[in-house]
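J.: Any chance you could fold what I've pasted below:
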Amino acid sequence: MKNLALIFWSAFLVNNIILIRLIGLCPCFGITNTIETSAYMGITTTIVMIISTWLTWIIFHGILFPLNLVYLRTASFILLIIIIVQLLEMLLKRLYRKLYNTLGIYLTLFTANCAILAVTFLITESNFDILQATIFAIGTGAGFAMVIIIFATLRERLEFAPVSPTLKGYPIAFLATSLIALAFLGFYGLFGIM
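T.: The predicted structure is shown next:
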């Protein structure tokens, strides 16, 4: 149980996918205009990470590794993520129209979200079992959601802050992100996790 807690906290704080690994920055800057949109994006990304983790773990350990087809990992994982995202998009369009309209183009761009693909790669390289892989995906998704919600909060406040016109928009967003990333470096080594 202690090992599972370490896996979660490592993925959530110590090795945060956005701020420490610098993966998934595109949705971080693209979707964080409002807190509501960021929360939807974080929840949806976490769900896609968990589902893709389960399916890619099964494919990797059930088909690719036993048949010595590991070189097909990238292509098969990307194809599987595309299928998951398309099914999710159809489900949201039919059942949750408001969420579908809120996420807009970014829902389709889940297929290009490198954070989702990175999680599947990190899991196969770490030789996690299915429970450890699930905990890692939940921790990574929760860390992703936390960062984009924090970032959306900052961007909403910076919208009304007295910022120089040359720093308005993305320049101040990049500065804020770098400061948050520096703060997260303080978690490095926490619980002996590197």
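
J.: What is the subsequent helix or strand relative to the least confident helix or strand in the chain by mean pLDDT?
T.: Least confident helix or strand, the chain: helix 105-108 with a mean of 69, by mean pLDDT, DSSP states H and E. Where DSSP states H and E defines the elements, the next helix or strand beyond helix 105-108 is helix 114-126.

J.: Tell me the buried residues in that following helix?
T.: By 16 or more other C-beta atoms under 10 Å, the buried positions in helix 114-126 come out as 115-120, 122-124. C-beta: built from backbone N, CA, C; applies to glycine.

J.: wait, which of the residues you listed is closest to residue 176?
T.: Distance to residue 176, by C-beta to C-beta, is smallest for residue 115 among those, at 19.2 Å.

J.: Under the pLDDT cut-off, which ranges of the chain? List them.
T.: Applying pLDDT under 70 to the chain flags the ranges 1-2, 31-32, 104-106, 108-112, 189-194.

J.: Would you quantify the distance from residue 176 to residue 57?
T.: Residue 176 sits at a distance of 35 Å from residue 57 (criterion: C-beta to C-beta, to the nearest Å).

J.: of these two, who's got more company?
T.: Taking other C-beta atoms under 10 Å, residue 176 and residue 57 do not tie; residue 57 has more neighbours (20 against 16).

J.: This completes my enquiry, with thanks.
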